[in-house]
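In: sequence first, predicted coordinates after that:
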Amino acid sequence: MHLKKIVKISGISLGAIIALLFVLPFLFKGKIVSAVKEAANNNLNAKVSFNDDISLSLLRNFPNLSLGIDNVKVVGVDSFAQDTLIDAKNIRLVLDLASVWKGETVVVRKIAINDARAQIVFLKSGAANFDLAKPDTTPQDTEAAPVAIKINDLSIENTRLHYLDHSMDFEITSNGLNWHANGDFADEIFTLKNELLIDQFSMSYGGMTMLSEAKIDANTNINMDLKKMRFGFAGNEFKINALPLKAKGWVEMREKDMDMDIDVRTPSSDFKSFLSVVPGCYTENFADVKASGSLKLVFLMKGIMDDVRMPSTHAEINVDKASFQYPGMPANASNIELNFLMENTDGNPDNTHLVIAPLKAFLGGDPISIELDIKTPISDPYANGKIDIALQLDEWKKLIPFDAGTDVSGEVKAHFAFDGHYSALAKENIAKEQFNDLKASGALQLKNIAYTSPSTLPLGIQNLAMTLSPSDFDLTIDQLKYGKSAMDIRGKLQNMLGYYLHDETLNGQLVINSKSIDLNEWMSAMSASQAPATNEGEKSNSKDADATSANANTAANTAASESPRIPDNLDLMLNMNAGRLIYEEYDLQQATAKAEIKDGILNVNPLAASIFGARVEIASLSYTNPIGGKPTVKGGFNILNVNPANLATTLSLVKEYAPIVGRIQGLANIKMQMGMQLKPNMDMDLATLTAGGLFNLFSGNLDVPTWMGEAAKQLQWGAGDKMSLKPTKAGFLIENGQFKLKDSIGVNLPKECQMKLGGYVDLNQQLHLGGILMAKGRKLPFTITGDMKNPKLTVGWKGALKEAAAPLINQLKDKAFDAVNKQVADILKEAKEKVDLLRSNGKETAEKMRSEAKELAAKQRSETEKAYAIAMEKAKKEADALVAAAKDPLQKKLTKLAADKLLKEADKKATEAKGEGYKLADQTEAKGNQKADQWESSVNDKADQVELAAKNRTDEMIKQAKAKADAVTK
């Protein structure tokens with residue numbers, strides 16, 4: 001019995017404990033959500049959102065508390081209002097249960113992030129989208145923060161990381177990033193163990209692709225010293241595709257600089273491994289590629305880096321007697337040589353020396369040769385080099401396996417030589433054509449280029465010729481075809497080197513002639529190419545692969561549809577002629593335009609084209625999209641000799657605000673000035689539209705809408721399906737989401753009747769219209785309410801009857817008001833006389849009180865001055881007596897010092913007494929003025945009461961008279 005009882009009690013206790021473990025987390029749920037939101041909102045300049053339905057468990061990481069948060073999103077503000085810093089499907093935190101129980105600082109032990117999309121952005125100004133912390137403007141207190149990070153385990157799975165630095169034109173994209181780090185961050189010194197795997201790693205610098213979808217695999221141990229902020233590593237190995245690398249050294253981050261000693265190099269001398277990191281060369285069957293040749297790769301950095309210094313640096317890549325051939329390909333690449341060296345021995349960035357001597361290869365028999373020598377990159381860049389390339393792209397298909405559906409053909413020739421300093425490109429030298437210190441010549445020619453791939457539109461170039469001189473580039477392109485579009489381009493670009501090296505302004509003039517340009521096709525292709533594919537690794541790691549893929553595509557489409565931003569360092573003049581230009585639903589024929597791109601603004605002035613069966617003229621149309629702002633368009637246009645019905649089928653502006661225009665068949669001109677913001681996908685944001693213009697209708701017929709048919713029935717017009725419109729000039733205004741008619745529109749109605757229409761329409765298509773119906777000398781007011789689909793007509797029959805009786809009613813009203821107005825005038829006159837007398841007497845008494853106070857204060861100041869003079873005279877006599885009593889020179893000097901001290905102390909005391917006297921006088925005068933002000937204010941209050949009583953009395957008389965007049969009207 002005792003054993004059964006013990007088992008029973010134990011079972012009940014165990015069940016209670018398990019139940020408690022399930023229930024306890026929900027007791028803390030509200031507290032944890034509040035703590036996280038409080039920490040985010042109080043400390044971050046960002047919009048933080050997540051699913052409040054968090055998951056909690058004590059069983060998963062007992063005895064700690066496991067917290068799961070879904071759909072976490074952090075979006076920046078101000079300059080980064082359109083940038084999402086992180087969008088994570090799930091974040092799991094492990095919290096110290098004791099810290100949650102006590103209700104003080106919540107301690108985080110582990111962090112796991114799954115299926116996330118993160119973006120890190122640096123602007124040219126140096127501002128970063130992850131710098132979200134609000135400035136600490138409050139004094140430090142001893143209370144604990146809502147959340148403390150003391151993790152010992154961090155994992156990131158199936159994440160896409162995008163890093164973009166506009167200041168350096170540097171970009172990194174990591175797809176399928178998986179990182180697991182283990183170490184006790186609560187300790188000052190510990191070892192952080194890292195396991196890193198990236199499925200696709202891409203990197204570009206200065207517009208040049210350095211790595212393309214490379215696979216990264218790394219297992220590293222980092223010795224962390226958080227007190228010194230020193231991080232050391234020894235014998236760490238990692239791989240980029242098939243290229244193995246070893247790294248050792250340390251980095252110490254100090255308050256104003258960084259100190260480091262880093263050594264990265266290849267452990268082997270296999271050229272094939274280096275080939276794997278060349279963009280486009282790492283294919284599925286790369287293991288079967290035949291390759292030979294030696295490789296040396298060394299990267300060393302040692303020393304201090306701050307705002308003016310860099311570590312001494314040695315970067316070296318040597319490839320000798322290398323070749324490769326892909327399996328099944330008839331051609332090979334041979335005689336590959338590369339000697340690359342970047343050296344800086346003293347830490348002065350201007351003493352950096354970069355040499356490529358040379359890069360040579362035969363690609364399927366086509367030669368490539370590049371030599372480059374760069375010095376003094378900061379003070380005055382010097383460059384010496386030459387480029388010789390001759391490629392038959394048809395032969396590349398025999399050298400490198402292309403993806404299915406990809407093809408290329410044509411001829412590329414490039415021959416450039418340059419030698420000199422960048423300073424030779426100074427504006428004064430260009431103006432005088434003095435280039436003694438710079439030699440630059442060469443040409444690039446493309447012939448019969450054809451490129452197709454599944455991800456892009458077909459590209460073709462019949463001929464491209466570009467010639468180089470010290471001052472500019474001359475450009476000629478014949479028969480450039482991209483998809484359905486075709487064009488010829490002629491032009492010249494100046495300061496290309498300054499633009500590329502130092503972000504200086506690129507100047508140029510271009511002429512574009514085209515038979516057809518289809519911008520819709522271009523934008524569709526851009527959106528498709530920018531959408532990242534979800535690879536197999538991502539699918540396998542995701543708990544919800546379809547949702548993850550959908551999220552990725554949504555994010556990609558958002559990024560792809562972001563409105564373009566025009567660089568500030570462009571100064572280009574464009575002249576364009578296009579037989580046909582297609583953009584969204586607009587199909588422009590015989591379009592001609594002049595455009596200027598300058599200071600981050602695109603200004604089109606003028607543009608003329610045929611559309612809607614009419615001629616459109618645009619003047620001074622500008623587009624700008626500043627960093628931190630929103631894309632905006634401003635400008636004006638004329639539409640000449642247009643059938644209004646054609647506008648409603650094409651212009652979204654007319655569709656939204658005035659669809660009735662689609663019922664007008666006729667001839668009109670439209671003139672308009674407008675300004676508006678655009679949405680990120682370049683759609684019009686009609687809520688921000690401000691516009692004004694003139695609708696000039698020469699002639700037209702209106703297809704009778706339903707509400708007008710109802711009016712015809714009420715008035716027994718017997719109207720048909722159409723009504724003629726009078727020639728009309730109607731001004732209109734669009735602001736605050738409303739389309740307003742500044743002038744009435746006239747309509748000819750049956751039986752010699754007419755209608756005048758005015759009012760406004762909301763953006764939500766709610767109607768606020770009205771006007772006058774005129775028939776046989778009578779006027780009938782009417783209103784139109786409801787919306788575009790269901791308008792409601794109301795005719796003011798009662799108002800018409802009132803209009804007929806108006807003369808008699810007005811006579812009665814005038815007679816009643818005459819008597820009242822006389823009484824009101826008498827009452828107000830009497831009240832004004834009383835008020836004026838009160839105010840006058842009050843002001844006179846107050847001025848007298850102020851004068852008396854001023855005289856008394858002046859008397860006190862005079863007595864103070866006399867007392868000061870008496871005190872100083874007395875002190876002077878005492879001092880003179882001291883000096884006179886002295887006998888020998890030494891005694892006289894000492895006595896003189898004592899006398900001066902006596903005078904100084906006397907002056908100090910007398911001055912203090914004088915200050916007190918003046919202070920007393922000021923107080924006397926202030927009190928007198930205060931009493932005077934109080935007296936005058938009390939008198940004015942009495943006057944106001946008299947005035948108000950008279951006004952209330954007369955208002956009541958007028959109110960009663962008006963009521964009697966209204967009774968007569970009814």
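Out: On my side now, so go ahead.

In: please name the nearest non-neighbouring residue to residue 924.
Out: Among residues not flanking residue 924 along the chain, residue 857 sits closest, at 4.7 Å (Cβ to Cβ, 6 or more residues apart in numbering). (C-beta placed from N, C-alpha, C; glycine too.)

In: please apply the same query to residue 954.
Out: Computed as Cβ to Cβ, 6+ apart, the closest residue to residue 954 that is not its neighbour in sequence is residue 824, at 4.4 Å.

In: picking that back up, wait, doesn't the residue nearest to residue 924 sit right on residue 929?
Out: No: the criterion here is Cβ atoms under 8 Å, and residue 857 misses it with residue 929 at 9.9 Å.

In: and these two? Which one has more around it.
Out: Neighbour count, other Cβ atoms under 10 Å: between residue 857 and residue 929, residue 857 has more, with 21 against 16.

In: helices along the protein, start to end?
Out: 2-43, 97-102, 271-275, 427-432, 496-502, 519-530, 536-541, 545-560, 644-648, 652-657, 706-715, 797-885, 889-969 (DSSP state H).

In: what's the mean pLDDT across stretch 510-527?
Out: The average pLDDT within stretch 510-527 is 84.

In: same thing with stretch 438-455?
Out: 90.

In: do the same with stretch 672-687
Out: Mean pLDDT, stretch 672-687: 82.

In: distance from that stretch to the middle of the chain?
Out: When distances are taken as Cα atoms, centre = their mean, to the nearest Å, stretch 672-687 is centred 16 Å away from the chain's centroid.

In: mind saving the C-alpha coords of it as CSV?
Out: Extracted in CSV, the C-alpha atoms of stretch 672-687 (Å, rounded to 0.1, in the frame of the first residue of the first chain):
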residue,chain,number,x,y,z
MET,A,672,-1.4,71.4,-68.0
GLN,A,673,1.3,72.1,-65.5
MET,A,674,1.9,69.3,-62.9
GLY,A,675,4.1,68.0,-60.1
MET,A,676,3.8,64.5,-58.5
GLN,A,677,5.7,61.8,-56.6
LEU,A,678,6.2,58.4,-58.1
LYS,A,679,5.9,55.0,-56.4
PRO,A,680,9.0,52.8,-56.1
ASN,A,681,7.9,50.9,-59.2
MET,A,682,7.5,54.2,-61.1
ASP,A,683,3.7,54.2,-61.1
MET,A,684,2.1,57.5,-60.5
ASP,A,685,1.2,58.3,-56.9
LEU,A,686,-2.0,60.2,-57.6
ALA,A,687,-2.5,61.2,-54.0
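
In: residues of it that come out buried?
Out: Within stretch 672-687, the residues that qualify as buried are 672, 674, 676, 677, 678, 682, 684, 686, counting by 16 or more other Cβ atoms under 10 Å.

In: of these, closest to residue 387?
Out: In terms of Cβ to Cβ, no member of those lies closer to residue 387 than residue 682, at 38.4 Å.

In: for that closest one, give me phi and psi.
Out: Dihedral pair for residue 682: phi 80, psi 10, per degrees, to the nearest 10.

In: for it, which non-adjacent residue is closest in space?
Out: Nearest non-adjacent residue to residue 682, counting by Cβ to Cβ, 6+ apart: residue 563, 5.4 Å away.

In: pLDDT score assigned to the one you found?
Out: Listed pLDDT for residue 563 reads 71.

In: that one: neighbour count?
Out: Neighbour tally, residue 563, other Cβ under 10 Å: 17.

In: roughly how far does it sit from residue 263?
Out: For residue 563, the distance to residue 263 equals 45 Å [Cβ to Cβ, to the nearest Å].

In: related to what we said a few turns ago, pretty sure the residue nearest to residue 682 contacts residue 684?
Out: No: the criterion here is Cβ under 8 Å, and residue 563 misses it with residue 684 at 11.8 Å.

In: what sits in contact with each of the two?
Out: residue 678 (Cβ atoms under 8 Å, 6 or more residues apart in numbering).

In: now do the strands in the stretch 551-700 of the chain.
Out: Under the criterion DSSP state E, counting those that start in this stretch, the stretch 551-700 of the chain carries strands at the ranges 570-583, 586-598, 601-611, 614-624, 632-642, 664-677, 690-703.

In: the first one to strand 601-611, inter-axis angle?
Out: Think strand 570-583. 30 degrees (axes from the mean of the first three to the mean of the last three Cα atoms, to 10 degrees).

In: and the closest residue in space to residue 269 that isn't next to it in sequence, how far is that from residue 322?
Out: In space, and not counting its chain neighbours, residue 269 is closest to residue 294: 4.8 Å by Cβ to Cβ, 6+ apart. In this view, residue 294 and residue 322 are 7 Å apart by Cβ to Cβ.

In: spit out the residues that contact those two alike.
Out: The contact sets of residue 294 and residue 322 overlap at residue 271 (Cβ under 8 Å, 6+ apart).

In: between these two, tell me which one has more neighbours.
Out: Legend: neighbour count by other Cβ under 10 Å for residue 294 and residue 322, higher for residue 322 (21 against 14).

In: pLDDT score assigned to that one?
Out: Residue 322 carries a pLDDT value of 93.

In: residues touching it, list them.
Out: Taking Cβ under 8 Å, 6+ apart as the test, what residue 322 contacts is 271, 275, 291, 292, 293, 294, 295, 336, 337.

In: can you tell me the closest non-neighbouring residue to residue 390?
Out: Once flanking residues are discounted, residue 390 sits nearest to residue 413: 5.3 Å by Cβ to Cβ, 6+ apart.

In: surely that neighbour meets residue 388?
Out: No: taking contacts as Cβ under 8 Å, residue 413 lies outside contact range of residue 388: 9.0 Å.

In: how near is residue 370 to residue 470?
Out: Residue 370 is 20 Å from residue 470, by Cβ to Cβ.

In: circling back to that earlier point, show the model's pLDDT score for the residue nearest to residue 269.
Out: You'll see residue 294 listed with a pLDDT of 92.

In: what separation do you get for it and residue 214?
Out: 22 Å.

In: now the strands of the stretch 551-700 of the chain as TSV including distance to residue 394?
Out: Shown next, in TSV, are the strands of the stretch 551-700 of the chain (distance: least, Cβ to Cβ, whole Å):
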stretch	distance to residue 394
strand 570-583	32
strand 586-598	37
strand 601-611	39
strand 614-624	41
strand 632-642	45
strand 664-677	49
strand 690-703	55
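
In: any idea what the residue nearest to residue 390 is bridged to?
Out: As for beta bridges, residue 413 partners with residue 390, residue 445 under DSSP bridges.

In: how far away is it from residue 448?
Out: Distance from residue 413 to residue 448, by Cβ to Cβ: 12 Å.
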